[in-house]
Each structure stands twice: as C-alpha cells, then as structure tokens.
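Participant: Requesting a structural model of the entry that follows:
(chains A, B, C, D and E)
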Amino acid sequence: MDITTVVSIIAGILALFFGFIWEGGHPESLFEKTALLIVFGGTFAATAVSFPLSKLKMIPDALRHAFRKTEQDPYAMVDRIVDMATIARKEGVLALENMANELNDPFLRNGLLMVVDGTDPELTQQILELEIEGIERMREQQAKIFEAAGGFAPTMGIIGTVMGLIHVLSNLADPGSLGPSIAVAFTATLYGVASANLIYLPIASKIKTSNQEIVHMMELMLEGILALQAGENPQLIRKKLNSFMLLESENPRAKKVDVDAPKE
Amino acid sequence: MDITTVVSIIAGILALFFGFIWEGGHPESLFEKTALLIVFGGTFAATAVSFPLSKLKMIPDALRHAFRKTEQDPYAMVDRIVDMATIARKEGVLALENMANELNDPFLRNGLLMVVDGTDPELTQQILELEIEGIERMREQQAKIFEAAGGFAPTMGIIGTVMGLIHVLSNLADPGSLGPSIAVAFTATLYGVASANLIYLPIASKIKTSNQEIVHMMELMLEGILALQAGENPQLIRKKLNSFMLLESENPRAKKVDVDAPKE
Amino acid sequence: MDITTVVSIIAGILALFFGFIWEGGHPESLFEKTALLIVFGGTFAATAVSFPLSKLKMIPDALRHAFRKTEQDPYAMVDRIVDMATIARKEGVLALENMANELNDPFLRNGLLMVVDGTDPELTQQILELEIEGIERMREQQAKIFEAAGGFAPTMGIIGTVMGLIHVLSNLADPGSLGPSIAVAFTATLYGVASANLIYLPIASKIKTSNQEIVHMMELMLEGILALQAGENPQLIRKKLNSFMLLESENPRAKKVDVDAPKE
Amino acid sequence: MDITTVVSIIAGILALFFGFIWEGGHPESLFEKTALLIVFGGTFAATAVSFPLSKLKMIPDALRHAFRKTEQDPYAMVDRIVDMATIARKEGVLALENMANELNDPFLRNGLLMVVDGTDPELTQQILELEIEGIERMREQQAKIFEAAGGFAPTMGIIGTVMGLIHVLSNLADPGSLGPSIAVAFTATLYGVASANLIYLPIASKIKTSNQEIVHMMELMLEGILALQAGENPQLIRKKLNSFMLLESENPRAKKVDVDAPKE
Amino acid sequence: MDITTVVSIIAGILALFFGFIWEGGHPESLFEKTALLIVFGGTFAATAVSFPLSKLKMIPDALRHAFRKTEQDPYAMVDRIVDMATIARKEGVLALENMANELNDPFLRNGLLMVVDGTDPELTQQILELEIEGIERMREQQAKIFEAAGGFAPTMGIIGTVMGLIHVLSNLADPGSLGPSIAVAFTATLYGVASANLIYLPIASKIKTSNQEIVHMMELMLEGILALQAGENPQLIRKKLNSFMLLESENPRAKKVDVDAPKE
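Facilitator: Reported below is the predicted structural model:
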C-alpha cells in the first residue's frame, strides 16, 4: 500500500473541502445528487464506450497497482541475485529450485525456474522480454483509461452546468431563487474538474511513473537471470547490475557507491 | 454486436437526461431545432470538407466496426491453428482446403487458401503483411474522421450559442424573455459538447483500441499460417504463438499458462 | 472540381445562417464590418508574419488542390501501366514516347520520357523519389499555412470581442444600447470561430488527406515505371501493383480481387 | 529586410486599432499603463525564468533573423558553384581563394577556404555538417523562446484581468464606474492575446520556417563544396544540385527545368 | 546561484503586484487564506498522487539545480582537458591523480580516477555514458514534476473560484456583499494561473534547458577523458573538442575561432 498516494488523494479532497468551510460555506451545498449522476454517470459512460470490455475489466487491477507500493529495493535485489549466482556456481543451478519457489515476485520466480529447467538461454531471454513488454503495454493501456476519464470528466461538468443554466434561465418565475439555482449548476463543473484533477489524471500519471520503476526492476532481474544462467562470476554480475542501476537511481549517495564499485 | 458500447452510449445520454429531469427541468427545453441544425449541420459540413469523398464513404463501415464485438478468442485461435498444423503434417496442406472454405474470418481463409495453392512463402508473407498494414491504416483513418467530428462539434456549439446571444441581445424589446432566450442559446453548447464527448470521441477511441486487438489477432494468424506453411511441429507452433500472446493478454492467469507452456 | 468540398463549405455556412434566421434573427445583425476587419485582417496579418513570402505565394495553388478532385482511379492506372508494359515488351520502350506525350499527369509523363530517353534506372528512381518527397513536403507546408490561420482566427475573434466590450463598457452613457452593443462585440467571436472551423481547419485537413492519396498514386506510378523500365512481365507487374494497392484501397470488394489476383 | 514580415505586423496592429476606432471607440481607452506593466512585465519575467541567460542573449540575433530576408536564390547559388567548379578544374582549387574571400556568406566562404587549404574531405564534411546542425539547433531554441512568450502572454492577460476584476468588485462604492473599470480590466486580456498572436507566435513560426530554407541552402552549398573538392565534372555537379533542389522549390516551372536538366 | 532566474521570478511577482497597486487596489485584497489552502494544497496533493515517493523526494534537488548557475565555461574546460592530456603524455596518467582529486566536478573527477586506475577504456566509456543518461533522465523527470504542478494549479484555481461562486450564490441574504465575495472567489483563479505561469512552468522549462547544457558539457568531458586515456595528441584533442562545440555554442565569435582552429 503506497501511503503517499492514498494520503495525498484524501489530503487534496480535504484541502478543497476545508477551504470551502473556512470561507463560511455550508457542506451540504457541495453535495448535489443530480450533478453526481450527470458527471460520474456521463464520465463512466463515455469511458466505457471508448474501450473494449477486455480493457475495462483491467480497471480494478490498475487501481491496485496505482495504490500499491513498489516494495522492492534494487540494492537488495542485486544482493539476492549475486547470492543466487554464488550458489549456482558452487552447487549448480538445480540448487536454486527451492529458493525460486519461495520467491514472491512471479517474474523472478518464473525466470529462475526456466533456468533450473535448463531452458535454452535465447528462449529464456525472448520469453522474459516479451513478458516485460506485455506488462509495459498493459500498464500504458490502463493509464490511458484513466487519462480518458480525466479528459471526459470536466466536459461532463460543463454539460451539467449548461443543463443547470438552461433549467434556471427557462424558469425565471421566482427570481429570488436564481442565485442558489446557478450555484447548484456550478457544482457539476466542480465535480468534473475536481474528479479529473484530484483522481483520474493523477492516477493515470502514477500508473505511468510507477510502470517505469517496475519495468526497470524487471530489466534488472532479466540481466541478473541471464548472467546467472551463463554462469558468470558473481562479482562481475554485481558490477554489471550496479552500472545498470546508474540509469534509474535517484539517490546520489548510491550513485557514488556504484561508480566506485567497479574499482573493487 | 458489442453490447457494452451500445449500452454505454445509451446510459450516458440517459444519465444526462435524467439528471436534468431530476433537477426539475422540462424535457422539451432540451430540444431546440435551430440548435440541432447549427450543431449537427455544421459539424457534418466541417467534417465533410476535411476528408475526400472516398474516406467519408467509410463512415458506415467504421460504425459497424466500432459496435461490432471482436468475437475471436486468441486461445481458441491458437488451438485451431495447431489443429490445422497437425492435419497439414499428416495429410498435406491440400487437406486444409475444405476447412479453409468454412472459416468465417476472411484473412485466415485467404491466407490458408494461399498456402493450399502453394504460393511462395515470401509472397504469402508479403501480401498478408500488406493486408494487415492496409487494414490498420484504414481503421486509423476512420478513427480520424470521428476525432475530427469530435473536435468540430463543441466549436459549432459555441457558434450556435454566440449566434443565439447575438439574436437575444440585439432584440431586448421584451426583457422578460431574456432568460429563456439565453437558455435556448445554451442548448447549442450542450449539443456540441455532449455529442463530442458521448458519441464522436468515444467512438474514435473505440475504433483505435479495437483496431489494436484486431491487428494483434491478424499478426497471430499470420505467424500461424507461416509456421504451418513451413511444416513446423504443431507443439512448437503452440509455444511460439503462446509466447507471442504474452504481448497482449490482459488475463494474468492466462499469462501463467503461457510461461509454463514452453516447459512442457 | 471536388463537388463534396465546395458543397460542404456552402452547406455549413447555410446551416449556421438558416439556424439563425429560423430562430428569428435578422440577417443584417450577422454582418459587422468592424468585426470583419479585425478578424480577417488580423488573421491574415498573423499568418503572413508566420511564413516567408515564398510559402505565402503557394496559397492559390493550395486552394486549387484542396478543391480539386483527385480524378485518378488506381485500378485504371494499373491497367494503363500494364498496357504500356505490354507494348514496351513487344515494340521496345521507344514505342511509348507518343503515349507518354499524350498523358495528362506530368509525373507519369516525365517518368516515362526518362525511360524512353534511356536514363539510368537508379537515376530515374532517385529523381522520381525526390520529386514525390518534394511534392509531399510542399503540400504539408501548404496545410500548415491553413492550420496557422485556423489557430489565429478564433483568437482574433476573441480580441475583437474584448475590444468591443472595452468600447461598450467604457461608454455606458446610454444603458439601453448595452445589449445590442454586446451583440455586435460577439460577432467577432462568431467570425473567428466559424471561419476557423468551417474554412481554414477543414481545408488544412483536406490538403493533408488528399496529399496521402496523391502520394500513394505517385508511388504506384513509380513502382510501375521502374518495373516497366526493367522489362518485367506485364502479369507480374499487375500482381505487384495490386498487392501494393492493398495499403490504401478502402473498397473491400477491390481488396478481395487483389488477394485473389496473385493466384491467377 | 523582409518587408512582408514588418508590413504584416504593422498591418495586423492597424487592423485591430482601426477596427476599434471605426466602431466608435476612443484610442486612449486602449492604453492602460497598469495592464502594460502586468502583461509585458509578467511575460518577460516568466520567459526569463524559463531559459538560461546564455539563451536569452540570443533574442536580438533571433529578431534580426526573423526580419531578415533570406536573400539567396538557390538557382543563382547553383550557377555560382558550377562556375567555381569550372575554375577549380581549369586552374586548381588555389584559384578560388580570392573568390572565396569576396563571398558574403560565411558558411560558403569558410567551406571554400577549407577546400583551398587542402583540408581532408572527410574532416571538411564533418565540420560543415556540425556547423549546419549547430545553426539548426540554435534557431530552434530561438523559436522556442518566442513560443514560450506566446504561451505566457495570454495567461498574463488573464491574470491582469482577474486582478482588475478583484479590484473592481471589492470596491463597489461607486457602481457608476463599474463598466469603465471592467473595461480597463479587459485591456490586459487584449494585450496578452494580441501580443501573443500578432507578435510572439508568428515570429516563432517565422524563425522556424525560414530556418528550413536556410538549412536547405546550406545543405545545397555543402553538396556543392564537397563535389567541387572531389573535382567532379561541373555539368554533373549541376545535375546533382538540381535534383537536390526538387525537395524544396515551390516554383512548378523551376521543377520542370530540373526534371529536364538530367536529360541534357 | 543563477541570479537571472531568482531576479526574474521576483520581478514577475512584483510586476503583477505593483500593477495591481498602481490601479488603486489594496494589497490585502490579494491575500486570501482559503484560496491559498485550496490552490496550493490541491496542487500539492494532485502532484503528490501523480508520482511515487522516490520521485517526489527529488524536488529539493530539482530546485537547487533550477536556480544553480551552470558555472562551467566550455572553452576553459577544453583548455583544462588539453593541459591534462599534455601532462598525461609527458608524465603518464598516474600524474593526473592529484589534479583529479582537486576537481570540483564529480563527473570529471570520477572519469579521471577511472583512467588513473587503469580501468578498461570500453568499461570507462560505458559507465560514464550510463551516468550521463541517468542524469539526463533524472532531470527530465524532475521537470515533469513541475510541469504536472503547472498543469494542476490553474484547474485548482478554477475549482477554488467555482466553490467561491457556489458559496456566494447560495447565500444571497446580503446582496451588498456580492461584489466583494466574487472578488474573493477570483483570487483562487489568480493564485492558480499566476503560480503556474510564474513559478512551476518556468522552472520546469529552466530545468530542461539547463539540462541540455549540462549534458552537452558532460559529453564534452567524456570525449576528452576517452581521448586522454587513448593517449591522443593534445592538439588533436583540442581540434576534436572544438568541432564538437560547434553544436552548442551560441557565441558567433567563438564559432569562427572553432572553424579556423582545425587549420592551425
């Protein structure tokens, strides 16, 4: 569970809500059931038309990934792969079967099991690369669904407001209610813009940025699995994976360690 | 018939409509014949200018594809191709002629008939790849027509509203009718934004996303046809096609089966 | 003359105009000479600054092409090339000189004359490819001029309206004229948005889409000229050109003919 | 001096100005010193933050190029290069030194002097290509500065207008001045949108389009210099450069000459 | 410290502020705590959801780089590398160790130390290129965070204004306070648009443009380090680095020196 994401969504909604209360607004004037129906119903419908059912079914999985913490530490991963390479060198790859079955990460587990099974190295590489590309594409498509919703929501808000204004302006029997009625019409715009900018678009962005991290981690594992399968020297594997990590690590301290590492 | 698409468009229109009724609006105030003429006439005209007649004629075909369910299951397709490869190995490719003629999919049928006719493998591949690329381009151009309409519709709505306001403001003889007249002017904006976001843009998006699925399926068939023509081992064909499917299948369960498959 | 394009532009303007009349508007309130000066003058000036004179001079040629029907039928072209290939095989390429001089299409004529003159095949290919790329780039730049105008026009409309509002609001001596004056200010927005969406942007789009067709036709001719120069078998040329057409033909019937053709 | 560019900018400003006067507006109501400070100060500041000082220093040079006429005629350039090639063939490359020193164009001069100095052909090509790419990148970055200003200006106009409205609405002591005060607030929007669309964006576009012409001319010179250095036949050089020009010349007559030329 | 950047941000804020005061506005009417909470709270929350924590932690580092002057002069750098190459030629690469340890630039220092340690040239190149690409990607991601904030801020401003209008319009008990209340609502729009256009977007742009300079400088160092490691002639190294600089130097004088340099 990525606490930052959940906390930030709630904090954003609270910032808007308490800003409104602070100004003296009544909470109930922010809740408008017709605007809810128009904005969320319309956004859902437009998004549902835009994608085939097979893609829409990925929404729960997409949400799970958006809120999931990418718990893996690349440095721990390098250590683990180097450990396994050491064992494989001493005792043969078959000794890895038990270790592999205990792994949580399905990608690393599958890859190791292919090594244990003696799969041809080229086939191993090809299958694992296809799997990485498949996951990358799937995440991008999940992000596109939320981007589409983030594009439709504000326009549904405008539709709701325009419909509210049409209603208000064509029934001016009671001019005293003009102000409150227009206020009600504006809640649709509020829902549309707020849901797009606090929920849909940030989630789409989160899926894309965390996708980069996951793909980079999978590429690191792939490098490790192939080096391990080739029976390379564990220290050489460490150097290789360390220099590979230069591409992503944001930690400047870590970077120095990497650059020094090849001098060992 | 892709029920999701049809149901979603209707649901979206109903969400807006009942949101309006629920608020107390009169249904008739949503129907404005002049706004209909301006928005739909203008959008159609602008779209018709943007494309040559040969592209405009594709609109009915584009709609048919947007609402058509991509009924094919890639796993069933793999099974079918493997079955045919088994027959071709035992009885020769000529035995496939009857099977081919019974197939619904014109791409697979044509491909198989080329195999049966003993067409040169390279020519087979070249013609089928050109056909895939031709269909891909055609779908993209169809999507562009709806994207163009989705871009023109809101501006036609604004034009309608501005013309309505010009009419209202230059005839203030009866100030009492000001409100209803402005309401009428706003219906043009409503038509423009709603038609773009509930119809044109989602359909454009649907054509593009289902295009991806169709093209992937055709590439799968192409792989299968070429492997079958080369007389490859049916089990090897299955492995090849399974690993090829890693790129698209959203079903995580299926993915595991694929990864295991090569270990058979 | 591409009737669709001309009819659609007129139909679009009429749809807006009669929508306005139908609503009870007076035609004269849609014509405002100051707004005309601001919007069309401003748009023309901004577009003229954006491009060097050499590009601006292409506007009449661009308009001619936007409204010109791409009269050539690719199937007739294939037939003609195959006919010429048959003659060239029987009587030698010199026999094509008279046929070439009677051709309307300057690209095909020039290409054939180069063949007749015995130009080196590689040089022929290089010069014709440069000419195709040159025409493609020229059309793209022509489309960009209209896209730029389509981008500037609505902002010029906004400028006109804002200037109108500045004028109205700073002279409130006669509040009774407030409404009509604001109406006048809005005509600038109307002109800007309508000219962009009914004229400039659709024409830009038309130039780009018909450019694709022209370029594809020229590539078809290039293929034919080169095959003819190489003295290839007319039936093989037909197959080649037919499979090449799979990339563009939107006619599903034609597609079947193509796919069958190589089986002849 | 590119008269079109200067005349068009002035014509655009005059079109807006006289449109306003024609409508009966008072010229002084278009000048508002606070709006000037907010819009031009804000745009300048935002643009200055966006680029390092080294890029900002290029603005005068960028303006000089935007307004400078690209005075070179590619056909005259081809003639000149062919003349020099003829001399070089007869009298040796050293005979070009005086001609080179009299050339205005620094690129052609430097290139020829390198040839005269006997620089290695590959090194000549490499240095001249780096110089072309360096100039191309520099112009693109100059265009980006004006694009950035064109993006910031309208938002600064909106900021000025919103600040004006805040001022007006929080001091409603004298309702009679409401109209003129709002008019003043709108001048900021006017300045922002007009400066972006009549000055910044067209200049950015002009820099980019004339950059294409300059780069194409430099590539033509490069081709010529290299052919001349290789001691190629002057007539062959003319053919080469003519076919190279097919890519850019918008003059259809010129195009025919080119296509005929190789038949000489 | 890049004075231009800091001065420009302050100048931009002052331009807006004094423009408002000059118009007669009261400074206090620009400060609205609820709008501050909604706009800055909302923008921060939306941005925090969009990126994983590991990326958000880079914000202070990103700001440091946006405001840091890129103090390095490429010409001084070329001189320094040529000096070191001269020493390395005379006294061997080991003599560079002390010089390297005194360098401020970590990239150059690390690179030289790798040379001193006798690291394999290919490994040196690979590690340094990975480091350059890693820094380039990191800066791009930092710029994306500020771009995201610049995209969310104006919409949060609109949300704040809409919520303010909802509050105002639903409580019309005291019509006299309508104006000031709407003024208050507009401050949210002001904060959103101003913070995006004076702070977030220019900083994002600055990070990207200075990133280009830094990367170019690192590539220059890399070229120098590799040439030095290969024991190349110092004068040849100078020529190489000079021609490499043609790609970036905006100083036309410098450019001439470069072009002449290879003739030495």
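
Participant: From A:T124, how far out is A:M217?
Facilitator: Shown here: A:M217 relative to A:T124, a distance of 18 Å by C-beta to C-beta, to the nearest Å. Where C-beta positions appear, they are placed from N, C-alpha and C, glycine not excepted.

Participant: near chain E, which residues of the stretch 101-250 of chain A?
Facilitator: A:154, A:176, A:179-180, A:182-184, A:186-187, A:189-190, A:193-194, A:196-198, A:201-203, A:205-206, A:209-210, A:213, A:243-244, A:246-250 (C-beta under 8 Å from any C-beta of the partner chain).

Participant: Which stretches in chain A count as helices?
Facilitator: A:3-22, A:33-36, A:42-50, A:53-56, A:59-67, A:74-91, A:96-102, A:106-116, A:121-169, A:178-195, A:201-229, A:234-245, A:252-260 (DSSP state H).

Participant: So which of these has the densest surroundings on average?
Facilitator: Neighbour counts (mean count of other C-beta atoms under 10 Å in any protein chain shown) averaged over each of these peak at helix A:42-50, with a mean of 26.

Participant: name the helices or strands packed onto that one?
Facilitator: Applying 3 or more C-beta pairs under 8 Å, 6 or more residues apart in numbering or on different chains; DSSP states H and E, one finds that helix A:42-50 contacts helix A:121-169, helix B:3-22, helix B:201-229.

Participant: Indicate which one of the ones you listed is closest to chain D.
Facilitator: Nearest of these to chain D, taken as C-beta to the nearest C-beta: helix A:121-169 at 17.6 Å.

Participant: Correct me if wrong: A:R238 contacts A:V82.
Facilitator: Yes: the pair A:R238 / A:V82 is scored as a contact, 5.0 Å apart, by C-beta atoms under 8 Å.

Participant: where's the closest residue to A:V116 other than its chain neighbours relative to chain E, distance?
Facilitator: Nearest non-adjacent residue to A:V116, counting by C-beta to C-beta, 6 or more residues apart in numbering or on different chains: A:E97, 4.8 Å away. Distance, A:E97 to chain E, by C-beta to the nearest C-beta, to the nearest Å: 33 Å.

Participant: Over to A:Q126?
Facilitator: For A:Q126, the distance to chain E - C-beta to the nearest C-beta - is 24 Å.

Participant: Looking at the residue nearest to that residue when sequence neighbours are not counted now. What's its pLDDT?
Facilitator: Excluding the flanking residues, the one nearest A:Q126 by C-beta to C-beta, 6+ apart is B:S243, at 6.8 Å. Here, the pLDDT recorded for B:S243 equals 78.

Participant: re the thing from before, wait, the residue nearest to A:V116 touches A:L113, no?
Facilitator: Yes: contact criterion C-beta under 8 Å: A:E97 and A:L113 qualify, at 7.3 Å.

Participant: A:S54 touches B:H216, doesn't it?
Facilitator: No: A:S54 is beyond contact range of B:H216, at 11.3 Å (criterion: C-beta under 8 Å).

Participant: re the thing from before, how about the helices and strands packed on helix A:42-50 in a markdown table, adding mean pLDDT?
Facilitator: Shown next, in a markdown table, are these (pLDDT from 0 to 100):
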| stretch | mean pLDDT |
| --- | --- |
| helix A:121-169 | 91 |
| helix B:3-22 | 89 |
| helix B:201-229 | 89 |
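
Participant: May I see those helices organised as CSV, with distance to C:E129 added?
Facilitator: Converted to CSV, the helices and strands packed on helix A:42-50 look like this (distance: least, C-beta to C-beta, whole Å):
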stretch, distance to C:E129
helix A:121-169, 34
helix B:3-22, 43
helix B:201-229, 28
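
Participant: Among these, which comes closest to A:I13?
Facilitator: Closest to A:I13 of the helices and strands packed on helix A:42-50 is helix A:121-169 (C-beta to C-beta; 14.7 Å).

Participant: and stretch A:38-48, what's its mean pLDDT?
Facilitator: Mean predicted lDDT for stretch A:38-48 stands at 94.

Participant: Which residues outside it are in contact with it?
Facilitator: Contact partners of stretch A:38-48, identified using C-beta atoms under 8 Å, 6 or more residues apart in numbering or on different chains, comprise A:56, A:145, A:148-149, A:152-153, A:156-157, A:159-160, A:163, A:188, A:191-192, A:195, B:4-5, B:8-9, B:11-13, B:15-16, B:19-20, B:197-198, B:201-202.

Participant: Figure out how far it is from the centre of its chain.
Facilitator: 22 Å (C-alpha atoms, centre = their mean, to the nearest Å).

Participant: again with stretch A:139-147
Facilitator: 9 Å.

Participant: just stretch A:168-182 next, same as before
Facilitator: Centroid displacement of stretch A:168-182 relative to its chain, using C-alpha atoms, centre = their mean, is 45 Å.

Participant: Only C-alpha atoms, please: export it in PDB.
Facilitator: This file holds the C-alpha atoms of stretch A:168-182, laid out as PDB (Å, rounded to 0.1, in the frame of the first residue of the first chain):
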ATOM      1  CA  VAL A 168     -32.700  28.000 -14.400                       C
ATOM      2  CA  LEU A 169     -33.000  30.500 -17.200                       C
ATOM      3  CA  SER A 170     -36.100  29.000 -18.800                       C
ATOM      4  CA  ASN A 171     -37.900  29.200 -15.400                       C
ATOM      5  CA  LEU A 172     -37.400  32.600 -14.100                       C
ATOM      6  CA  ALA A 173     -40.800  32.600 -12.300                       C
ATOM      7  CA  ASP A 174     -39.000  33.100  -8.900                       C
ATOM      8  CA  PRO A 175     -36.100  35.500  -9.500                       C
ATOM      9  CA  GLY A 176     -35.100  35.100  -5.800                       C
ATOM     10  CA  SER A 177     -34.000  31.500  -6.400                       C
ATOM     11  CA  LEU A 178     -31.800  32.500  -9.300                       C
ATOM     12  CA  GLY A 179     -28.600  32.700  -7.300                       C
ATOM     13  CA  PRO A 180     -28.900  29.300  -5.400                       C
ATOM     14  CA  SER A 181     -30.000  27.600  -8.700                       C
ATOM     15  CA  ILE A 182     -26.900  28.800 -10.500                       C
END
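
Participant: That one close to chain B?
Facilitator: Yes: using C-beta under 8 Å from any C-beta, stretch A:168-182 reaches chain B at A:V168, A:L169, A:S170, A:N171, A:L172.

Participant: How much space separates A:K90 from A:L103?
Facilitator: 20 Å.

Participant: And A:I158, by the same measure?
Facilitator: Counting by C-beta to C-beta, the gap from A:I158 to A:L103 is 50 Å.

Participant: distance of A:M163 from B:S8?
Facilitator: 20 Å.

Participant: do A:L112 as well
Facilitator: 43 Å.

Participant: for A:T34, same thing?
Facilitator: Taking C-beta to C-beta, one finds A:T34 at 20 Å from B:S8.

Participant: I'd say A:A188 and A:G157 touch.
Facilitator: Yes: in this structure, A:A188 is within contact of A:G157 by C-beta under 8 Å, at 4.9 Å.

Participant: The closest residue to A:S170 other than its chain neighbours and B:T34, how far apart?
Facilitator: Counting by C-beta to C-beta, 6+ apart, B:A183 is the residue found nearest to A:S170 once chain neighbours are left out, at 4.1 Å. Per C-beta to C-beta, B:A183 is found 13 Å from B:T34.

Participant: swap in A:I237?
Facilitator: Distance, A:I237 to B:T34, by C-beta to C-beta: 74 Å.

Participant: what does the stretch 151-264 of chain A put close to chain D?
Facilitator: Counting by C-beta under 8 Å from any C-beta, none of the residues of the stretch 151-264 of chain A come close to chain D.
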